[in-house]
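Visitor: need a structure here:
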Amino acid sequence: MLVERWNDAAGGFHPASAADYLPKGKLQEVQLRRLRAVVERAYANVALVRERMQADGVRPDDITQLSDIGRLPFTVKTDLRDTYPFGLFASPMSEIVRLHASSGTTGKPIVVAYTREDLGVWAEVMTRTFACCGLHRGDILQNAFGYGLFTGGLGAHYGAEALGATVIPVSGGNTERQLMVMQDFNVTAVCATPSYFIHVIERATEMGIDLRTLPLHTGIFGAEPWSDVMRQRIEEGAGIKAYDIYGLSEIIGPGVASECEAQHGLHVFEDHFYPEIIDPESGEPLPDGAEGELVLTTLSKQAMPVIRYRTRDITRIIAEPCRCGRSIRRIQRIGRRSDDMFIIRGVNVFPSQVEAALLAVEGTLPHYQIILTRQGGLDQMTVEVEVTPEVFSDKVRALEDVRTKIAKAIEHILGIRVTLRLVEPRTIARSEGKARRVIDQREI
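Guide: Numbering: from 1, shown residues only. Alright, predicted model coming up:
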């Protein structure tokens, strides 16, 4: 079993991972005890939660079993904006030791808070994340997640230190420095967004650096959806195993769920975050195995407990056991968000579908953007994708061959024809954080 392989690894089994192997009955006892406590805390200290529970005729004492969670009201992203900045806090400011916030590019930023105990939980679940990915004491981790108001950098930092790894807080950007550090410091693992690490691989090739000859063996990637084809390109280009992790600032930041060495779904650390799957239209709960919207409840958050948060991420709970031996449930890798979806000529389109079609064609590079426009009252979709220098230079045969294959792949997946624009390498702007895939110009 993979768990035996981990136990035998340098550094051994990390005690923080013990909760990942709790028997189902014991886990449910922990979940219920924490659910009752967090509902009582939110009811007593958060006006929005109390008002909604009272409107639904629900009191904290009514939560007597886990299934009663369905009686509680949902929380949505606009609730955090409507109560900006501190309206959802359940702790006084004298007990809050950290604030993080989103960029606020689409309106008021999302502000989240942590007590000292919350930071302890965050470090714990990130420790379990790194343990899931096979890291241990003695690994040297280059943390290229952004530090600052975003939750990625500091969340990963403290978890890796608690694991016993050596952390290099390089943050994002300055790719040449990233490569210098990777070489000179004998880095064995790296954290980054997948789109940025693809850029690191490309820059390394341009500088004559073969990442596959370095001690680097593991990549931990998150903060944006990415496809299995993207994973394959990362693993082949850097000679590493690439793991997906999941989190969101509204819940805690990174550390909600992680792939293990089996790379077959993300284990949710559900002693701290209770997962549900609901029908995104009706809000009704769905059984394990059914695809729907992921809903999360924080079971131990003090500063800002969040009850039944609608993530808008589309996934399913994987019912069958994982060969790693962990008893906590898994969710399918998240490639779609309901709020990422756009409609073109009556067809629902997700960027991940376009990515899968593009990267399945040999000769394409993992840099693309989708441009939406409106002409004569009709929505139009143009896909720009970079192709290799060899393909771009052969404008007669190779370029047209790749164009034909991409067009067929997109039409097969989406059922519609789109405008394709094949461009030479380094035409599309690189991102040091989350990649911007969709440019919507329909209202301009």
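
Visitor: Flag every buried residue along stretch 36-50.
Guide: Within stretch 36-50, the residues scored as buried using 16 or more other Cβ atoms under 10 Å are 36-39, 41-43, 45-46, 49. C-beta: built from backbone N, CA, C; applies to glycine.

Visitor: Check what contacts that stretch and list those residues.
Guide: 53, 59-60, 63, 72-73, 75, 79, 83, 87-91, 297-302, 305, 307 (Cβ atoms under 8 Å, 6 or more residues apart in numbering).

Visitor: Please pick the buried ones from the residues you listed.
Guide: 53, 60, 63, 72-73, 75, 79, 83, 88-91, 297-302, 305, 307.

Visitor: now, which of those residues lie within strands?
Guide: Judged by DSSP state E, these include 297-298 as members of strands.

Visitor: Narrow the buried ones among the contacts of stretch 36-50 to those in helices?
Guide: Of the buried ones among the contacts of stretch 36-50, the ones assigned to helices by DSSP state H are 53, 79.

Visitor: Do a quick rundown of the helices in this protein.
Guide: Using DSSP H, helices in the chain cover 2-7, 24-45, 47-55, 77-82, 116-132, 152-163, 175-184, 194-206, 228-238, 351-359, 389-393, 398-414.

Visitor: can you give me the mean pLDDT across the fourth one?
Guide: Here the mean pLDDT over helix 77-82 is 95, rounded to a whole number.

Visitor: Now pLDDT and distance to Thr127 too, for the buried residues of stretch 36-50, in a markdown table please.
Guide: Shown next, in a markdown table, are those (pLDDT from 0 to 100; distance: Cβ to Cβ, whole Å):
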| residue | pLDDT | distance to Thr127 |
| --- | --- | --- |
| Arg36 | 98 | 26 |
| Ala37 | 98 | 23 |
| Val38 | 98 | 22 |
| Val39 | 98 | 27 |
| Arg41 | 98 | 25 |
| Ala42 | 98 | 26 |
| Tyr43 | 98 | 31 |
| Asn45 | 98 | 29 |
| Val46 | 98 | 29 |
| Val49 | 98 | 30 |
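
Visitor: Okay, now the unreliable bits of this protein?
Guide: 1-12, 103-107, 444 (pLDDT under 70).

Visitor: residue nearest the centroid of it?
Guide: The centroid of the chain falls nearest to Tyr246 when counting by Cα atoms, centre = their mean (3.5 Å).

Visitor: Contacts only, for that one.
Guide: By Cβ under 8 Å, 6+ apart, the neighbours of Tyr246 are 222, 254, 256-258, 266, 331, 334.

Visitor: Pull the most distant pair out of these.
Guide: Pro254 and Ile331 (14.9 Å; Cβ to Cβ).

Visitor: Of those two, which one has the most company?
Guide: Comparing Pro254 with Ile331 by neighbour count (other Cβ atoms under 10 Å), the higher total belongs to Pro254, at 28 against 20.

Visitor: From Val190, how far out is that one?
Guide: As for Pro254, its distance to Val190 is 14 Å (criterion: Cβ to Cβ, to the nearest Å).

Visitor: Ala162 too?
Guide: 18 Å.

Visitor: higher neighbour count, these two?
Guide: Val190 (28 against 18).

Visitor: Looks like the more buried one contacts Ile201 (just checking).
Guide: No: using Cβ atoms under 8 Å, Val190 is not in contact with Ile201; the gap is 10.9 Å.

Visitor: Can you get me a residue count around the nearest residue to Gly134 once chain neighbours are set aside?
Guide: Nearest non-adjacent residue to Gly134, counting by Cβ to Cβ, 6 or more residues apart in numbering: Glu261, 5.3 Å away. Number of residues near Glu261 (other Cβ under 10 Å) recorded here: 18.

Visitor: Cys324 versus Glu261, what's the distance?
Guide: From Glu261 to Cys324 the distance is 6 Å (Cβ to Cβ).

Visitor: now Gln65
Guide: 29 Å.

Visitor: quick one, which of those two is more surrounded?
Guide: Cys324 (22 against 10).

Visitor: Lovely, talk soon.
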